[in-house]
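[1] Mind looking at a prediction? Sequence and model below.
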Amino acid sequence: MSTSLGWGILGAGGIAGAFARDLSTGGHRAAAVGSRDGERARAFASKHGIPAAHEGYEALVSDPSVDVVYVATPHSHHLEHALLAIEAGKHLLIEKAFTTTGDDAQRLVDAAREKGVFVMEAMWTRFLPTMVAARERVAAGDLGEVVSVVADHSQMLDLSPGSRLIEPSLGGGALLDLGVYCVSLAHAFLGPVARIRAAGVVDDAGVDHRGAAILEHAGGGMSTVTFSMETLGSNRATIAGTEGVIELDPSFYGSTAYRRRHESDHDEAAESFTPEHEGRGMQFQAAEVERCIAAGQLESPTMPLDETVAIMRVMDEIATQMRDSSRG
Ligand SMILES: NC(=O)c1ccc[n+]([C@@H]2O[C@H](COP(=O)([O-])OP(=O)(O)OC[C@H]3O[C@@H](n4cnc5c(N)ncnc54)[C@H](OP(=O)(O)O)[C@@H]3O)[C@@H](O)[C@H]2O)c1
């Protein structure tokens, strides 16, 4: 899908490059990039064939060729940078984690609603063909009643000095970077969370390196999430119902395959789904943003803003319990 909307990329870091490539793969139009450093903006623009390069984020959000701003800075700065774009009247796609706290998420959502601009958390996995197919299977009742989600997101990330991942002022930690995918998956299939039990390993600076949580969902379902930025893990997820299960292959938080099984199937999968598309798959969330804006919707029904805030509040509580457990 391609529309005339111009994308403005705010921050020329790692994920911004991946998104720029997928915008192009999906036939979307990158209009401008903004960086704190003008030279970095120009190099990024030249590498990705983007017509305008701005020094400073104010210049980016003021650019009339930009309709939608993609915020790709550390999550500690998402609120500040989103507010800049909202003030300028731009629509927004904001990298996960949306903010660093539930209160900040609510503040951002309130500002966007007041201004009347579109905002969506860039939980790109929800828009991947695999997740679309999994939701369709669940909606069709193929799993019976969904009662359990189990998800692990564990990677050995670069935690050397200077990494944003171990820097408290940049929102460092495994939960906000990796655990968010697990919590979001559980929330998508089991709904609001009523009770939380969590524990984790938190360093002296207050940054969580790994953790685990059991979530009791208001509808009666249970989920178990584990996350780590210093060990490898299964990176699998299962969505289990009373009549079957969907097993998402590693890495469940990216474009991956699933198998659907039923009790009577033993080792035989009832269905296998393998995605076929070009690129990393971030173009599907861009298509959703453009579809919503074209339809005059200010949020996505697949990643609603109240759900993003609710997920952030679950993560607030997990973070608190991880700190308490680590002290204990
Ligand atoms: N969707 C995904 O698969 C995925 C993957 C990785 C990360 N992410 C998310 O994307 C966001 C950025 O992560 P990243 O890995 O791309 O980080 P990164 O490589 O460190 O890039 C972040 C960029 O933010 C800008 N920035 C603005 N203020 C900053 C500050 N005070 N300190 C450092 N950088 C600052 C910098 O760009 P300029 O200097 O050019 O302005 C920097 O290059 C995070 O929220 C992360 O969770 C998403």
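    Yes, it's here.
[2] from here on, contacts and neighbour counts on C-alpha atoms
    Noted.
[3] how close does the residue sitting nearest the centre point of the chain sit to the ligand?
    Closest to where the C-alpha atoms of the chain average out (C-alpha atoms, centre = their mean) is M123, at 2.7 Å. From M123 across to the ligand, the span is 7 Å (C-alpha to the nearest ligand atom, to the nearest Å).
[4] got it, and D158?
    Separation of D158 from the ligand (C-alpha to the nearest ligand atom): 11 Å.
[5] Now that residue. Nearest residue, chain neighbours left out?
    Nearest residue to D158, sequence neighbours excluded (C-alpha to C-alpha, 6 or more residues apart in numbering): L165, at 7.9 Å.
[6] didn't the one you found look like it was pressed against G173?
    Yes - under the criterion of C-alpha atoms under 8 Å, L165 makes contact with G173 at 5.5 Å.
[7] Next to the ligand, which bits of this protein? Give me the list.
    On the criterion C-alpha under 6 Å from any ligand atom, the ligand has as its neighbours in the chain the residues 11-16, 35-37, 72-75, 95-97, 177.
[8] hmm, 5 Å instead?
    Applying C-alpha under 5 Å from any ligand atom, we find that the chain lies next to the ligand at G11, A12, G13, G14, I15, S35, R36, A72, T73, P74, H75, D177.
[9] what are the ranges of the strands in the stretch 201-328 of the chain?
    Applying DSSP state E, counting those that start in this stretch to the stretch 201-328 of the chain gives strands spanning 208-217, 222-228, 237-241, 245-248, 258-261, 271-273.
[10] Need those strands in JSON lines (columns: mean pLDDT and mean neighbour count).
    Output for those, formatted as JSON lines (pLDDT from 0 to 100; neighbours: other C-alpha atoms under 10 Å):
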{"stretch": "strand 208-217", "mean pLDDT": "98", "mean neighbour count": "22"}
{"stretch": "strand 222-228", "mean pLDDT": "98", "mean neighbour count": "24"}
{"stretch": "strand 237-241", "mean pLDDT": "98", "mean neighbour count": "23"}
{"stretch": "strand 245-248", "mean pLDDT": "97", "mean neighbour count": "24"}
{"stretch": "strand 258-261", "mean pLDDT": "96", "mean neighbour count": "22"}
{"stretch": "strand 271-273", "mean pLDDT": "95", "mean neighbour count": "13"}
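[11] Serialize the ones you listed to a markdown table and add fields for distance to D158.
    Formatted as a markdown table, the strands of the stretch 201-328 of the chain follow (distance: least, C-alpha to C-alpha, whole Å):
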| stretch | distance to D158 |
| --- | --- |
| strand 208-217 | 12 |
| strand 222-228 | 12 |
| strand 237-241 | 24 |
| strand 245-248 | 26 |
| strand 258-261 | 29 |
| strand 271-273 | 32 |
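[12] Indicate which one of these is closest to P129.
    Smallest distance to P129 across the strands of the stretch 201-328 of the chain (C-alpha to C-alpha): 9.2 Å, for strand 271-273.
[13] Neighbours of the closest residue to the ligand within the stretch 51-200 of the chain, how many?
    Nearest residue of the stretch 51-200 of the chain to the ligand: T73, at 3.3 Å (C-alpha to the nearest ligand atom). For T73, the count of nearby residues is 22 (other C-alpha atoms under 10 Å).
[14] State the distance from it to G296.
    27 Å (C-alpha to C-alpha, to the nearest Å).
[15] repeat for E145
    As judged by C-alpha to C-alpha, E145 and G296 stand 33 Å apart.
[16] can you point me to the longest helix in this structure?
    Using DSSP state H to define each element, the chain has its longest helix at helix 305-327.
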